[in-house]
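Novice: show me how the following folds:
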Amino acid sequence: MSKVYALKTIQRMPVDIGTAWNFFCKPDNLKDITPADLGFKVTSKYHGEKMYAGQIIEYKVSPLLGIPLYWMTEITHVEEKKYFVDEQRYGPYSLWHHQHHFKIIEGGVEMTDIVHYKIPFWFIGDIANTLFVRAQLRKIFSFRFAVVQERFGKWPGENNEVLLDQ
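Specialist: I've put the predicted structure just below:
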């Protein structure tokens, strides 16, 4: 049986909570914070403009060799301006559980993401994680950090932290 992996990222932004929340709770903004080479596209027609519990969002993503994959997530929990959770209902992972937390701090907002994921195919999934999945997730979050910094401004001092639990 393959392992459950965890990823935690922390990013500080020099903006108010309303600005941060309003950007991240809109499904259509996901494409802006995802590297273009992943071919990420929101395909659902009725997902609404803002996150809400029970919301289904459908995507196409091409994480490997440009092969498009269908991915469906459900927003399972939302507490306005505090957190929301998306869980994969159908897609490339055996498990995908992504928490997005927002906290007001002096000078802005601290955003923490916690992702638990599992790759199918037992030990082959573990090998895939070692060879490319872990690196790809780091790349996606690094790209997002850069986009968020460009959009909202650079946090003075140490800004980003990525922690992978292997």
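Novice: output whatever helix or strand residue 22 lives in as PDB, nothing but the C-alphas.
Specialist: Secondary structure from DSSP states H and E places residue 22 in helix 17-24. What follows is helix 17-24, C-alpha atoms only, in PDB (Å, rounded to 0.1, in the frame of the first residue of the first chain):
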ATOM      1  CA  ILE A  17      -7.900  39.700   5.100                       C
ATOM      2  CA  GLY A  18     -10.700  40.700   2.800                       C
ATOM      3  CA  THR A  19      -8.300  41.200  -0.200                       C
ATOM      4  CA  ALA A  20      -6.600  37.800   0.400                       C
ATOM      5  CA  TRP A  21      -9.900  36.000   1.000                       C
ATOM      6  CA  ASN A  22     -11.700  37.500  -2.000                       C
ATOM      7  CA  PHE A  23      -8.800  36.400  -4.300                       C
ATOM      8  CA  PHE A  24      -8.400  32.800  -3.000                       C
END
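Novice: list the contacts of whichever helix in the chain runs longest.
Specialist: Looking across the chain with DSSP state H, the single longest helix is helix 134-152. Contact with helix 134-152 is made by 5, 7, 9, 11, 13-15, 19-20, 23, 32-35, 38, 63, 111, 113, 115, 117, 155, 159-160, 162, 164, 166, as judged by CB atoms under 8 Å, 6 or more residues apart in numbering. For every residue, glycine as well, the C-beta is placed using N, CA and C.
Novice: tell me which of those fall in helices.
Specialist: Those of these lying in helices (DSSP H): 19-20, 23.
Novice: how about these in a markdown table, adding neighbour count, pLDDT and distance to residue 148?
Specialist: Shown next, in a markdown table, are those (neighbours: other CB atoms under 10 Å; pLDDT from 0 to 100; distance: CB to CB, whole Å):
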| residue | neighbour count | pLDDT | distance to residue 148 |
| --- | --- | --- | --- |
| 19 | 15 | 97 | 11 |
| 20 | 22 | 98 | 9 |
| 23 | 16 | 97 | 8 |
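Novice: stretch 75-85 - what's its average pLDDT?
Specialist: The pLDDT scores in stretch 75-85 average 97.
Novice: quick check: buried residues in that stretch?
Specialist: 75, 78, 81, 83-85 (16 or more other CB atoms under 10 Å).
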